[in-house]
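Undergrad: Here is a sequence with its predicted model. Questions after.
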Amino acid sequence: MTVDLILGLQWGDEGKGKIVDVLTSSYDIIARFQGGPNAGHTLEFEGNKHVLHTIPSGIFHPKAVNLIGNGVVIDPIIFFQEIDNLAPYGINFDEKLLISKKAHLILPTHRLLDAASETAKGKAKIGSTLKGIGPTYMDKTGRNGIRVGDIFASDWNEKYQKLTKKHIEILKGFEDSHELNLDEMEAVFIKSIEELRKFKIVDSEHYLHQAQKAGKKILAEGAQGSLLDIDFGTYPFVTSSTTTAAGACTGLGIAPNKIKDVFGIFKAYATRVGSGPFPTELFNEDCETMGQVGNEFGATTGRSRRCGWIDLVALKYSIKINGVTQLMMMKGDVLSGFNKIKVCTSYQTSQGFQDYFPYDVSDEDIKPVYEELAGWNENLTQMTEFSQFPQNFINYIEYLEKALETPIKIVSVGPDRAQTIYR
Ligand code: GDP
Ligand code: IMO
Ligand code: MG
């Protein structure tokens, strides 16, 4: 009767895709609640690696139904690229993939607007994935958006033309309007819409209410991370949706009192891709090691991810906002070989020490204050039980649990499904 949530506590790419895949065998329905193809969720099993953008990460399991919720924004072009990539797996999408009528569509012109807006910002750019996320959510909240359900309406084409025309007018106001690619993109878009009509498009909130009544187990899958949340993230360097727990209520139509566990995922260090403040960011050999060993390249854009030490000020904030009940620590294996592991416990600012996440997390003002823990040299990637872990790694886990006042229930020691240790 209840719903569990899984979401990232840092700046995204914590390993949500892997953990959703690992947990799916215990659930009947996996439901994505926000974001769009800005997400890149990586899964590895049986020697294969998959990156999903819009499709929920339970899609490889034989039974679970995967639902793209109303809070998601869908680019039909990217959606069909994902569908094509899944062709070798013979997935019966008719049975296993549902799309909310109320999810909003990303139009080709939304992508052009995203690019024009970023270019116009110059040095202050957000570092967007340029998938049209911001402009699509702007149209949604501005009450101009087009929803998946609209593709069946007799005035669909009219609606599409009207919004596109409006976007073209707005684009003219930008110096660099990126207008040239439109015809090509539009042809693929129109074809994708025709294909989309063949998919199972549902009243998703109704579907989920019925499922809850029937006692089905639902796992809501978040995208991005809490520090990219439109309200609580490092604004304006955020994404345009509610990435925190509340987003599962609005993005799926689930009541707050139906939520049971909130699984918060974090990396044993920290990464960020795109612009914006990152107090514990490193610019030395340590970050190079983290980037190389952790393979820290964006799953959507291929950009290098910025790396740094774990930030407890930020993590405590995320845990509070989301009501996290259990933690999952990813990528501890990447820290093997570091002599000392640093943990940021507070920020030193011009106003003194601060142990809560401030209004303006600007890089210049904030100096992270670190505690140091002893590192470990053992390779963790082949370990299968908690008892095999080196004592210093256990010390690190226990230190974090104590500081974060939340149990760490899963420790991940590699990208593969099998490299997952339960406590
Ligand atoms: P998501 O967006 O939260 O789903 O995360 P991404 O897929 O963008 O990035 C996480 C990356 O780390 C992917 O390349 C995963 O395959 C990889 N990964 C996940 N867990 C682990 C782990 O415990 N150790 C290592 N080394 N890699 C991991
Ligand atoms: P997953 O689900 C990491 C970042 C972008 C940029 C900012 C705004 O894989 O964790 P947008 O395209 O939304 O306008 O970009 O947010 N960003 C992500 N960073 N992981 C993601 O998703 C991200 N989705 C967006 O890099 O800084
Ligand atoms: Mg990702």
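TA: Yep, that arrived. Ligands and ions are numbered 1, 2, ... in the order given.
Undergrad: So in that sheet, which strands flank the helix or strand of the chain with the lowest mean pLDDT, and in what orientation?
TA: None of the helices or strands of the chain scores lower by mean pLDDT, DSSP states H and E than strand 352-354, at a mean of 87. Partner strands for strand 352-354, per DSSP bridges, with pairing direction: strand 340-349 (antiparallel).
Undergrad: Alpha carbons only: can I get the partner strand in CSV?
TA: Provided in CSV are the C-alpha atoms of strand 340-349 (Å, rounded to 0.1, in the frame of the first residue of the first chain):
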residue,chain,number,x,y,z
LYS,A,340,43.7,10.4,4.1
ILE,A,341,40.0,10.9,3.5
LYS,A,342,38.7,14.3,4.1
VAL,A,343,35.2,15.1,5.3
CYS,A,344,33.8,18.7,5.3
THR,A,345,32.1,19.2,8.6
SER,A,346,31.3,23.0,8.4
TYR,A,347,32.0,26.1,6.3
GLN,A,348,34.1,29.0,7.4
THR,A,349,32.5,32.2,6.1
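Undergrad: Could you check how far residue 385 is from residue 411?
TA: Distance of residue 385 to residue 411, given as Cβ to Cβ, to the nearest Å: 10 Å. From N, CA and C alone the C-beta is placed, and that goes for glycine too.
Undergrad: Kindly report the same for residue 280.
TA: In terms of Cβ to Cβ, residue 280 sits 21 Å off from residue 411.
Undergrad: Compare the two (neighbour count), which wins?
TA: Neighbour count, other Cβ atoms under 10 Å: between residue 280 and residue 411, residue 411 has more, with 25 against 22.
Undergrad: can I assume that one is in contact with residue 326?
TA: No: at 12.0 Å, residue 411 does not count as touching residue 326 under the criterion of Cβ atoms under 8 Å.
Undergrad: The least confident helix or strand of the chain: what's the following helix or strand?
TA: Using DSSP states H and E, the helix or strand that follows strand 352-354 towards the C-terminus is strand 367-374.
Undergrad: what pLDDT does the residue in the stretch 151-300 of the chain positioned nearest to ligand 3 get?
TA: Minimum separation of the stretch 151-300 of the chain from ligand 3 (Cβ to the ion) falls at residue 299, amounting to 4.4 Å. On the pLDDT scale, residue 299 is placed at 84.
Undergrad: what does residue 179 give?
TA: 56.
Undergrad: Could you do the one 10 residues further on as well?
TA: pLDDT, the model's per-residue confidence, is 97 for residue 189.
Undergrad: Same check on residue 209?
TA: On the pLDDT scale, residue 209 gets 97.
Undergrad: Check residue 1 too.
TA: Note on residue 1: pLDDT of 62.
Undergrad: coming back round to it: the residue of the stretch 151-300 of the chain closest to ligand 3 sits in which helix or strand?
TA: Using DSSP H and E, residue 299 is not contained in any helix or strand.
Undergrad: Quickly note the distance from residue 216 to ligand 1.
TA: Distance check for residue 216 against ligand 1: by Cβ to the nearest ligand atom, to the nearest Å, it reads 24 Å.
Undergrad: Roughly how far does that residue sit from residue 244?
TA: Separation of residue 216 from residue 244 (Cβ to Cβ) stands at 24 Å.
Undergrad: Which residue, other than its chain neighbours, is closest to residue 354?
TA: Distances taken as Cβ to Cβ, 6 or more residues apart in numbering put residue 347 closest to residue 354, at 4.8 Å, once the chain neighbours are dropped.
Undergrad: Run through the residues that contact that neighbour.
TA: In this structure, residue 347 makes contact with 279, 313, 353-355, 358, 366-369, judged by Cβ atoms under 8 Å, 6 or more residues apart in numbering.
Undergrad: neighbour-wise, which of residue 216 and residue 244 wins?
TA: Neighbour totals were compared for residue 216 and residue 244, and residue 244 leads with 28 against 16 (other Cβ under 10 Å).
Undergrad: okay, now the residue nearest to residue 168 when sequence neighbours are not counted: neighbour count?
TA: Using Cβ to Cβ, 6+ apart and skipping residues adjacent in sequence, the residue nearest residue 168 is residue 109, 6.6 Å away. Neighbour count of residue 109, defined by other Cβ under 10 Å: 27.
Undergrad: Relative to residue 329, how far out is residue 109?
TA: Counting by Cβ to Cβ, the gap from residue 109 to residue 329 is 41 Å.
Undergrad: how about the least confident helix or strand of the chain: buried residues?
TA: By neighbour count with 16 or more other Cβ atoms under 10 Å, strand 352-354 contains no buried residues.
Undergrad: if we can go back for a sec, assumed the residue nearest to residue 168 was part of a helix.
TA: Yes: counting by DSSP: H, G, I helix; E, B strand; the rest coil, residue 109 is found in a helix.
Undergrad: which residues sit in contact with it?
TA: Going by Cβ under 8 Å, 6+ apart, residue 109 touches 135, 163-164, 167-168, 171, 182.
Undergrad: Ligand 2: which of the residues you listed is nearest?
TA: residue 135 (9.1 Å; Cβ to the nearest ligand atom).
Undergrad: and after the helix or strand that closest one falls within, which helix or strand comes next?
TA: In the assignment (DSSP H and E), residue 135 maps to helix 133-141. Going down the chain from helix 133-141, the next helix or strand is helix 156-172, by DSSP H and E.
Undergrad: That concludes my questions; thank you for your assistance.
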